[in-house]
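just a sequence and a predicted model for now, questions to come.
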Protein chains: 2
Amino acid sequence: MPSKPDFVHGSVWMRPPRARGGQPALSREQIVRAAIELLDAEGAAGLSMRRLGSSLSAGATSLYWHVANKDELLELALDEVLGEVYVPEPADAPWRVSVTVFANSLRATLLRHPWMIGLLGNKPTLGPNAMRMGDRLVALLTEAGFTGFAMSHVSSLLHAHAIGSATIEAAIAAGFGRDNVTPSEVLREIEPYLDKIGPEHPHYDQWRRANPVTDLDPRQLWDEGFAFGLERIVDGLEHWLVAGGPPTPAPHPAADKT
Amino acid sequence: MPSKPDFVHGSVWMRPPRARGGQPALSREQIVRAAIELLDAEGAAGLSMRRLGSSLSAGATSLYWHVANKDELLELALDEVLGEVYVPEPADAPWRVSVTVFANSLRATLLRHPWMIGLLGNKPTLGPNAMRMGDRLVALLTEAGFTGFAMSHVSSLLHAHAIGSATIEAAIAAGFGRDNVTPSEVLREIEPYLDKIGPEHPHYDQWRRANPVTDLDPRQLWDEGFAFGLERIVDGLEHWLVAGGPPTPAPHPAADKT
DNA sequence: GCTTCTCTCGTACGCTGTGCGAGGACTCGA
DNA sequence: TCGAGTCCTCGCACAGCGTACGAGAGAAGC
């Protein structure tokens, strides 16, 4: 066999841009991005290291060079999508508006990536995006006039409303996601069950008959409900603020106080 | 005949428990109770069918006679502990008080069984205890003067506050549960990390320095925060109520999304 | 040339949920 | 007393999981 021209075999042009044998075929960012894609498409149960690996044309255990374990990967993915949350600058608008924008953005992000919800209760979110979100929210609330621990309580209140609402909505939406049935059809399916157990729940049953929900788009109803709650919260905060904050000045509870 | 996974008829709540007879060494109630015990003791990751079986001195697959699968078992366990939530009767107290009692009870239940939190977003809770809770809350809110969809929005708002708050608290508490260290020690451990990345988060860092949290019991702080938020919510609801409910017939409710 | 560092991956282990079918225990009718 | 039928338990097996380990490929530096 005559020797082949060397430039064919060893040249750059013959090598694929990201050869399988090449070194940097994988990166942490790439892995996290692929994980999010898989999670969005198939939910939390659809993500396994093997599936993730093969979605990157890599071996399952190759991932462990870039990521300590699956939990850490989920943590990274969670913080990554938290980067989608938008927190306005304090100067952008009145605080009532800015706070509403933030809460809506957090809720929308959670509903866009419902797998986040089951992860949030597991460990504190200390990633860079979560911290950035927290920092900007502190700026916003401080500028609005909240100080001390009340400020962090307000932050928790807003977070809780978005997270709690998204949890409830995601739960019901999970019942809707099944094979191409519309929410109305699902609601109509549940109806007989509710009718059957109706007598055991007279108050709810009466309300349900007076407020049939079957023909409405539940998504619109949830949007309204979230906005309603958020308005009540912001109203309550404003009243508290104009009333002068805490009724009795308790700036520094240094010692145990009851 | 399409045997599509019918949302209602496939659900646990539609099927009666297996008929009795033979030798009932195991029962659904017993299994659910043991599962809750295991979940409380070891968290969601600590429950496996094999471990649950051997905690009942039974084979793992014996459980499948009484329970269709693990998901259904978790659903049963979730509804069971929801029975711990207390909803006052409308006549017991002014609605502001009753609503506060309910929200506190829901939060306390969630914190007593933190594994509930990761389950809530997965599917709607239609079990008997959840329905009973919903029914009593409807009675409460109707008596308070809320009607129509606003009533369900108020219900969602209260649920969301409890669930969201519990989620946040459980996440941080999970970081505390580690090997016999006190929360203060954990906070002191995190301190250097926060110091290091402080410059990237100036607002938060400034607030943190002005409000050192290290010496406080975080549990007390969370209690205060939850109560603060709940007061703001109830205030906001009361103002809305005395203002006469919805301001206008509202042709354009709210469709803003960010 | 050699060593060293960076990265990939095949193999393997212990664990998971659960389908299947054998078989034990009990009740009932004769 | 004897089947027959029903209720319930459980051993086995399978596919899939997270991941520890160590071999080895390729690039970089001496």
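Right, received. Where do you want to start?

for the stretch 1-150 of chain A, just list every one of the helices.
Listed in chain order, the helices of the stretch 1-150 of chain A (DSSP state H, counting those that start in this stretch) span residues A:6-10, A:28-42, A:49-55, A:70-82, A:95-112, A:115-120, A:128-144, A:148-176.

wait, which of the ones you listed is closest to DNA strand C?
Ranking those by proximity to DNA strand C (C-beta to the nearest atom of the strand) places helix A:49-55 first, at 7.0 Å. Using the backbone N, CA and C atoms, a C-beta is placed for each residue, glycine as well.

so which bits of stretch A:128-139 are buried?
Using 16 or more other C-beta atoms under 10 Å in any protein chain shown as the test for burial, stretch A:128-139 gives A:129-139.

and for A:Leu56, the neighbour number?
19 (other C-beta atoms under 10 Å in any protein chain shown).

for DNA strand C, see how far away it is.
A:Leu56 sits 8 Å away from DNA strand C, going by C-beta to the nearest atom of the strand, to the nearest Å.

how many neighbours does A:Glu42 have?
Considering only other C-beta under 10 Å, A:Glu42 is surrounded by 13 other residues.

over to A:Ser62?
A:Ser62: 14 neighbours (other C-beta under 10 Å).

excluding its backbone neighbours, what's nearest A:Asp135?
Among residues not flanking A:Asp135 along the chain, B:His201 sits closest, at 3.8 Å (C-beta to C-beta, 6 or more residues apart in numbering or on different chains).

remind me which helix or strand the residue lying closest to A:Glu169 once chain neighbours are set aside belongs to.
The shortest distance from A:Glu169 to any non-neighbouring residue, by C-beta to C-beta, 6+ apart, is to A:Trp222 (5.0 Å). A:Trp222 belongs to helix A:218-242 when assigned by DSSP states H and E.

what comes up buried for that helix?
For helix A:218-242, a neighbour-count test (16+ other C-beta under 10 Å) marks A:218, A:221-238, A:240-241 as buried.

what about A:Glu84, how many neighbours?
Counted with other C-beta under 10 Å, A:Glu84 comes out at 15.

dump the residue contacts of it.
A:Glu84 makes contacts with A:105, A:109, A:112, as judged by C-beta atoms under 8 Å, 6 or more residues apart in numbering or on different chains.

can you give me the neighbour number for the second one?
It stands for A:Thr109. Look at A:Thr109: counted by other C-beta under 10 Å, it has 18 neighbours.

likewise for the first one?
Neighbours of A:Ser105 under the rule other C-beta under 10 Å: 19.

what's the local residue count around the closest residue to it other than its chain neighbours?
Leaving aside its chain neighbours, A:Ser105 sits nearest to A:Tyr86 (4.3 Å; criterion: C-beta to C-beta, 6+ apart). A:Tyr86 has 15 neighbours, counted by other C-beta under 10 Å.

please verify my assumption that A:Ala144 contacts A:Val99.
Yes: if you go by C-beta atoms under 8 Å, A:Ala144 and A:Val99 touch, sitting 7.3 Å apart.

from what I can see A:Thr142 touches A:Ala150, true?
No: A:Thr142 lies out of contact with A:Ala150 (C-beta under 8 Å); the separation is 10.8 Å.

more crowded one of these two?
Taking neighbours as other C-beta under 10 Å, A:Thr142 and A:Ala150 compare with A:Ala150 leading, 20 against 17.

stretch A:50-59: end-to-end distance?
Stretch A:50-59 has an end-to-end distance of 7 Å (C-alpha to C-alpha, to the nearest Å).

what of stretch A:41-60?
Per C-alpha to C-alpha, the first residue of stretch A:41-60 is 19 Å away from its last.

domain assignment for chain A?
Per automatic domain parsing, the structural domains of chain A span A:6-16+A:24-82, A:95-180+A:214-242.

chain center to the longest one, what's the gap?
For domain A:95-180+A:214-242, the distance from its own C-alpha centre to the chain's C-alpha centre is 9 Å (C-alpha atoms, centre = their mean, to the nearest Å).

A:Arg107 and A:Asp205: what is the separation?
30 Å (C-beta to C-beta, to the nearest Å).

between those two, which one's more packed in?
A:Arg107 (25 against 18).

so which residue is smack in the middle of chain A?
Nearest to the geometric centre of chain A sits A:Leu110, at 2.7 Å (C-alpha atoms, centre = their mean).

mind listing what's buried along stretch A:186-194?
A:186-187, A:190, A:193-194.

which stretch in the domains of chain A is the model least sure about?
Mean pLDDT values for those show the minimum at domain A:6-16+A:24-82, a mean of 86.

could you see whether DNA strand D lies near that one?
Yes: using C-beta under 7 Å from any atom of the strand, domain A:6-16+A:24-82 reaches DNA strand D at A:47-51, A:60-61, A:64, A:69-71.

put the buried members of those into a PyMOL selection.
In PyMOL syntax, the buried subset of the residues of domain A:6-16+A:24-82 next to DNA strand D is picked out as below (16+ other C-beta under 10 Å):
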select buried, chain A and resi 47+49
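
A:Pro114 touches A:Gly43, doesn't it?
Yes: assessed by C-beta under 8 Å, A:Pro114 is found in contact with A:Gly43 at 7.3 Å.

between the two, who's got more neighbours?
Each of A:Pro114 and A:Gly43 has its neighbours counted (other C-beta under 10 Å); A:Pro114 has more, 22 against 15.

next up, the contacts around that one.
A:Pro114 sits in contact with A:43, A:166, A:170, A:173-174, B:121, where contact means C-beta under 8 Å, 6+ apart.

what of A:Gly59?
Contacts for A:Gly59 (C-beta under 8 Å, 6+ apart) come out as A:Gly53.

and it, how far from A:Leu52?
The span separating A:Gly59 from A:Leu52 equals 11 Å under the rule C-beta to C-beta.

what's the closest non-adjacent residue to A:Arg51?
Counting by C-beta to C-beta, 6+ apart, the residue nearest A:Arg51 is A:Leu38, at 6.6 Å.
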